[in-house]
Structures are given as structure tokens and as C-alpha cells.
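J.: task: produce atomic coordinates for the following.
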Amino acid sequence: MASWHAEPTPRRLLNSQRNSLTSAIPIPGRGSYHPPLSGTVGTYPSCHRRFQETATWAKEGSIPVELNNESGKLTPRLRLGRRVRRLRERKGLSLRQLSEHAGRYSHSYLGRVELGDQLPSEALVNLLDELFDSDGVLTELLEMAHDSLIPEYSRTFLSKEPNAVRIQVFTSSHVPGLLQTEEYARELFRRALISESEEGLDERVALRMRRQRIFEREEPLSYWAIMDEAALKRPMMAAGRMVEQLRHLVRMAARPRVTIQVLPFTKGMHTMLGGCLTLMTLKEGGTIAQVESFASGEGVHSTSRVVALTERFDLVRSMALTDDDSLDLIRRYLKEYEDELDS
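T.: Below is the predicted model of the structure:
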């Protein structure tokens, strides 16, 4: 009986090692981490190494995804992070070694990616797909994770955007998304999503910039945007950033098949005050719509409702300045912001 108590069995050594390793692993912003015993069955040395590795992960802020998913829901970003970790481990690389292979990406950034705390850039995903020879799996998972950033009501609608042949949009208080500069979009998201982290803002901005590639495709898109003058007048950011946004509008207006109009204050009330409308005509000929306010939205597929919304758009278009006069107004606001910047 006495010899049984004295025998250092693997399980008893595991419990002892767990106490010594996990009781003092502070994780910034996460409290303390206690590695589970599951998944560590084996001889004591291998379990000991596993616990040591886990302690290192925790101190570096890179706990394995499945050990950090308190909700139990495997979201697209968690799925992506877990796949990156599995591919890295299959290569026999530590986070620091992967960082060396990846070049400019730090091990802490890669750790956040594996945790699902931050989405990787497209450049990093392309590099990892090549490094791990994963046949584009990580790229597909990144696309799924990007989709999860889109409001649920808008996912089906925006999934059809790459196949649109014509987009008509009206916005009542801001520049339309496909015409926004990176800094304008960032400020807009920061104001609208007051609890969003900087990493989250970066991800949303990257997605919006990615959508703008629709203007670069071989088959040109017909794009018609109407914005209320409030979008030009309201100084949503520093003058310098507004200067770049309005310069961008001037550049976009010079593109073939892109029309930008402004609905001036002098026209008074109109049929779409306080809302935004997008009409999208698809390759097969059908038109769908999306109506949005500051905190909600709705996709519209009913033919009768799409027709009614198209009539509203046509009424606003009839009230807007011509594209030439609209461009003159944009340039006047641009000069005001430039003068403010120089003063």
C-alpha cells in the first residue's frame, strides 16, 4: 500500500505538472488559462512537453483555437485559425519558425490568426496556401470569414454582386460604399460600430476595398450612384481625408459607365429621406433590391416591390443635378476642404 502511494504514475505526475504549469499562466485580457487533461494521454515525458508547449502558447497569446472557444461555436474565423494551426503543426513548425518562413509577419500576429482573434490578410493566406500546399483551402476559408462580417440581411444580396451587370444606388447621408476611400470607410465603421476593435475595423475595411474590385473586371459594370448633398457637406473626418475622398469621387466619375449625381439641398424633401437603396441587375436579367437604414436592412426580391423601389429611385434621379453639374458641386466642396486644410 505504501509503495503504491510512492509510485510516480503518469496520471499523478500529470496532475502535479498541471498544477505547477497552469496556476500561474496569466493571459492579457483573458484571465488565467488551465489546459485540459484531454488529448494528453501517453507517457509522462510527452505529456510534460505538451503542457510546456501549452504554457508557451498561453504566454505568447496563441492558445489553440479549440481550447479557447468558450461558446463552442466553430465560426468561420475560428475554423480558419484552427486549419492554419493544424497545417503548421503538420509541417513541424512553431509559431516563431512559421514567422521566419512567412517573412514580415510576426509570431504574435500569426498567433492571433490561429486563435481566431484576427483575420489574416489575403497576402498572408496566399503565402500560407503556397507554403502548406493546401490547394487554396485557406483562401476559401478566408472568403467564408469575410462573409461573416456582412450583416445577415445583406449576405445573400452581396453574394450576387460579383455577377451584377448594373448597380444603381442612392445614399442619403454618406458616400456609397463602392466609392469610398479606405480612410473614409474606416471612419464610417468606427462611428457606426462603437465597440469594434481596431482589428475588426481593419477587417471590415479590407472587405469593402475588396468589393471595389468589381470595377476592375474585364466585363465593365454599369454603376449609377446618387447621393444627397449631405454626404459632401457633413465633415465626417479630418479635412485632409475628406479631400482625398472627394478627389476619389472625381476620379471615379471620369470612368466609363460610372455616373455620379448629387441631390442638392435646394430640392427639399424627397422620397428616400433617411434611407439607402441599392438596385442590382443580374446577368440573367432580373433585378433585386436592398433597402437600408442606420441599423437594419432588407433584401427585396418581389417583382412588385422592386418595381415600386425603382420608381422611387427614378423620382430621386429626376430631382438630382446632371452628372456634369454634380461634378461641379463636388469640386466646389473639394476646394472648400482644400482651403480649410491650407489655412
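J.: wait, what's in contact with residue 201?
T.: 186, 189, 190, 193 (Cβ atoms under 8 Å, 6 or more residues apart in numbering). C-beta: built from backbone N, CA, C; applies to glycine.
J.: could you dump those to CSV with secondary structure?
T.: Conversion of the contacts of residue 201 to CSV gives the following (DSSP: H, G, I helix; E, B strand; the rest coil):
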residue, secondary structure
186, helix
189, helix
190, helix
193, coil
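J.: if you rank these by neighbours, which is first?
T.: residue 186 (19 neighbours; other Cβ atoms under 10 Å).
J.: out of the contacts of residue 201, who's nearest residue 173?
T.: residue 189 (14.7 Å; Cβ to Cβ).
J.: could you report the pLDDT at the closest one?
T.: pLDDT for residue 189: 91.
J.: how close does it sit to residue 225?
T.: 19 Å (Cβ to Cβ, to the nearest Å).
J.: about what we covered before: in CSV: the contacts of residue 201, plus distance to residue 121.
T.: As requested, the contacts of residue 201 are exported to CSV (distance: Cβ to Cβ, whole Å):
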residue, distance to residue 121
186, 16
189, 17
190, 20
193, 20
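J.: for the residues you listed, work out which two are farthest apart.
T.: 186 and 193 (10.8 Å).
J.: so which of the contacts of residue 201 is the closest to residue 256?
T.: Once Cβ to Cβ is applied, the member of those that ends up nearest residue 256 is residue 186, at 28.7 Å.
J.: quick one: secondary structure of the residue lying closest to the closest one once chain neighbours are set aside?
T.: Spatial nearest neighbour of residue 186, excluding adjacent residues (Cβ to Cβ, 6 or more residues apart in numbering): residue 205 at 5.0 Å. Put simply, residue 205 is helix when judged by three-state DSSP.
J.: measure residue 205 to residue 338 for me?
T.: 24 Å.
J.: residues contacting residue 168?
T.: Applying Cβ under 8 Å, 6+ apart, the residues near residue 168 are 223, 224, 225, 226, 278, 279, 280, 313.
J.: most neighbours among these, please name it.
T.: residue 278 (28 neighbours).
J.: and the contacts of whatever helix or strand that residue lives in?
T.: Secondary structure from DSSP states H and E places residue 278 in strand 276-282. With Cβ under 8 Å, 6+ apart as the test, strand 276-282 has contacts from 157, 160-161, 163-172, 287-293, 306, 309-310, 312-313.
J.: that strand pairs with which strands, and in what direction?
T.: Applying DSSP bridges, strand 276-282 is found paired with strand 164-171 (antiparallel), strand 287-292 (antiparallel).
J.: buried members of the contacts of strand 276-282 into PyMOL, please.
T.: Applying 16 or more other Cβ atoms under 10 Å to those leaves a buried subset, and the PyMOL line that selects it is:
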select buried, resi 157+161+164+167+168+169+170+171+172+287+288+289+290+291+292+306+309+312+313
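J.: quick revisit: looking at residue 205 and residue 338, which is more packed in?
T.: residue 205 (21 against 16).
J.: quick one, what contacts the more buried one?
T.: With contact set as Cβ under 8 Å, 6+ apart, residue 205 has these partners: 182, 185, 186, 189.
J.: same deal with residue 299?
T.: 153, 154, 156, 157, 288, 289, 290.
J.: burial count for the closest residue to the first one other than its chain neighbours?
T.: Leaving out its chain neighbours, the residue that sits closest to residue 153 by Cβ to Cβ, 6+ apart is residue 297, at 4.7 Å. Residue neighbour count, defined by other Cβ under 10 Å, stands at 17 for residue 297.
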